[in-house]
Structures are given as structure tokens and as C-alpha cells.
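[1] okay, predicted coordinates and the sequence, questions at the end:
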Amino acid sequence: MRDLPVGMQEHLDGGATSLCWCWRLTRSDGVVLGFTDHDRELTFDGTAFEASSGFSASEVNDSVGLSVSNLDVTGALQSNSLNENDLAAGYFDDAHVDIFRVNWQDVSQRIVIRTGSLGEIKRGQGGFTAEVRGLSHYLQQPMGRIVQFTCDADLGDSKCGFDLNNSGFKEIAVVFDVVDGRLFSASGLGLYLSGWFTRGMVRWTAGGNTGQSVEIKDHRIVNGEHLIELWQGPAYAIDNGDGFEITAGCDKQFDTCRIKFSNGVNFRGFPHIPGNDFVTSYPNRDDPDNDGGSRWGG
């Protein structure tokens, strides 16, 4: 049973209510945004809830047990603080969401109906639909280490321990010529071999995408030009002259860690565990030289 604020139960019992929905989004970068389906802006808890933002929501359904309770929020991309480029840039990925039922005549009469996080976001022409997942969603995420051949660390993080500031592993470069939204040539990388930055990162330091980071799909040299292909285009168009910081790539294989980065001691994978071929092998008397891996000679 929920405890209602003073006066709210009396308001509900009166029959004629003045209730509205308010949504508060807290992004991973700490930016807090508020939206309401009321026709004027409301303010409480230090957050201004923007009116006429085009928000609407499906029914709020709670489930028993640990299954994830979801609802969908639909909105128009017309708010000054909620636009398509910000959604594409990932600013709202896994954003914390608080959903309130509020008496717009007295905002002290409010109650939190749902707390969760943004899940899958679908964008269309001028609008979007976002899934709001309940907190039990986090109980379904893998925890701890996964036993696998490849490393589970990200290059340069605390688990990896490699210092990307070492000479030859981080470089400042500039976009020379844009081929399309994900592919461009770069100046300032003349000393590096083809493929050195494949699976690395580009962090934009100048231009419309300043501060954003994108993973590199491929780095190759064609006719003397260094071509950088990204896995996905950034939120804003890449322009000639945009500056960026680029870091070397790692395919998370043990040989790469050992040879390219001399960091094998910190490798976080399990390269020597038996694979599926070993598990499904069987004794074979037709292998007298005993050269069939796990097969036994007769």
C-alpha cells in the first residue's frame, strides 16, 4: 500500500481531480530534465517540468515477482531539451526515470508511480517511443566475470592497466576529407601502419560532436591516405577540419595484448581453456601417430 501525501487522498475522494503526469529523466552525465503532460510548466524538487512536450505513456502495469515491469513512453521530438541528435548521441541511454502523479493545483500532492530506466528507444519521423524498464531489469544483467577466450576489459581501463598515453598509442588528428557519415580521411597519422587503430576509439575534440566518442570499425591506408571508418555515424555531421583524439585498437585477443601492448600479464580472458572441439572429441583407434589433438592412438 502506498502512503499518500497529506491532502492527496482527500483530493482523490472528492471525485473531480486535477491530476497530471510528470516525468523526470536523469542522464548518465548528470543532466536532469523534466516533462509533463499538463498545459503549463510545473516545478518541484528543484526540477522544472516542461509543458507541451508531446509526452504520453502507456498503462502502468506492475507484475508479481522478479519479472521486469515495463511501459512505453511516446513523445514528439519538439522539445528544446529532447531532440533527435541527443537521442542518436546516446545521451539518454539507460537514463534514470521517475514517473510522478501530481496534483497540478498543489504540486506538494504528488506520488512516485514508477522508478526505472530507459531501455530500447525507437525513432521515427518527428517522434520516438522509449521503453521504461523497472528496476528488476538490472537483476537480469550478467554479473561478475565471464569465462571466455577474449578479454573482458576495455583498453586503458582499470582492469586492463595499460597507459594509453604511452608513445604511439594515442594521437591528435584532424579530418581531412569526409567521404560519408561514417567514413573520412585524416591528417596527422602518417607514421602509423594500416589497421593500427582498427577497433580503437575516436573522441571528438573540435566540431559539432565535441566530447562524443565513437568506436572505429576499420582503419586502412589507401593511396597514402589514412581512412577511418566508424561503426556508426556521430550525432552531428562530420566536417572537414574537425579535430579528434584517436587511440590504438585492441581485438581483445591474447596475442594482441602480449605483442602489440606488452600487457599479457593483465590479460583478462582465458586463452588456454579447452574449446568446443575438445569437449566433443572422442578416442579414435585410427590415429596411431596421436596427432589428432585430444584423440588417442591405438
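    Looks like it arrived, so ask away.
[2] separation between residue 162 and residue 184?
    27 Å (CB to CB, to the nearest Å). Every residue, glycine included, has its C-beta placed from N, CA and C.
[3] and those two? Which one has more around it.
    residue 184 (23 against 19; other CB atoms under 10 Å).
[4] verify the stated contact: that one with residue 173.
    No - checked against CB atoms under 8 Å, the pair residue 184 and residue 173 is beyond contact range at 10.2 Å.
[5] need the residues touching each of the two.
    Common neighbours of residue 184 and residue 173 (criterion: CB atoms under 8 Å, 6 or more residues apart in numbering): none identified.
[6] quick check: end-to-end length of stretch 177-186?
    Terminal residues of stretch 177-186 lie 7 Å apart, using CA to CA, to the nearest Å.
[7] for the lengthiest strand in the chain, name the packing helices and strands.
    In the chain, with assignment by DSSP state E, the single longest strand is strand 110-123. In terms of contacts (3 or more CB pairs under 8 Å, 6 or more residues apart in numbering; DSSP states H and E), strand 110-123 is packed against helix 84-88, strand 96-103, strand 127-134.
[8] quick one: low-confidence parts of the stretch 1-150 of the chain?
    1, 52-84, 122-128, 135-138, 140-141 (pLDDT under 70).
[9] what ranges do the strands span in the stretch 51-200 of the chain?
    56-57, 70-76, 96-103, 110-123, 127-134, 170-178, 183-187 (DSSP state E, counting those that start in this stretch).
[10] output the fourth one as PDB, nothing but the C-alphas.
    I take that to be strand 110-123. Listed next in PDB are the C-alpha coordinates belonging to strand 110-123 (Å, rounded to 0.1, in the frame of the first residue of the first chain):
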ATOM      1  CA  ARG A 110       2.300  14.000  -5.600                       C
ATOM      2  CA  ILE A 111       3.400  10.400  -5.600                       C
ATOM      3  CA  VAL A 112       6.100   8.400  -7.400                       C
ATOM      4  CA  ILE A 113       4.300   5.800  -9.500                       C
ATOM      5  CA  ARG A 114       7.300   4.200 -11.200                       C
ATOM      6  CA  THR A 115      11.100   4.300 -11.000                       C
ATOM      7  CA  GLY A 116      13.200   2.700 -13.600                       C
ATOM      8  CA  SER A 117      15.500   3.400 -16.600                       C
ATOM      9  CA  LEU A 118      15.200   4.000 -20.300                       C
ATOM     10  CA  GLY A 119      15.600   0.800 -22.400                       C
ATOM     11  CA  GLU A 120      15.100   0.500 -26.100                       C
ATOM     12  CA  ILE A 121      14.400   3.700 -28.000                       C
ATOM     13  CA  LYS A 122      12.900   3.800 -31.400                       C
ATOM     14  CA  ARG A 123      13.000   6.900 -33.500                       C
END
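[11] what pairs with that strand, parallel or antiparallel?
    strand 96-103 (antiparallel), strand 127-134 (antiparallel) (DSSP bridges).
[12] redo those as TSV? Include distance to residue 256 and mean neighbour count.
    Output for the strands paired with strand 110-123, formatted as TSV (distance: least, CB to CB, whole Å; neighbours: other CB atoms under 10 Å):
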stretch	distance to residue 256	mean neighbour count
strand 96-103	36	19
strand 127-134	35	19
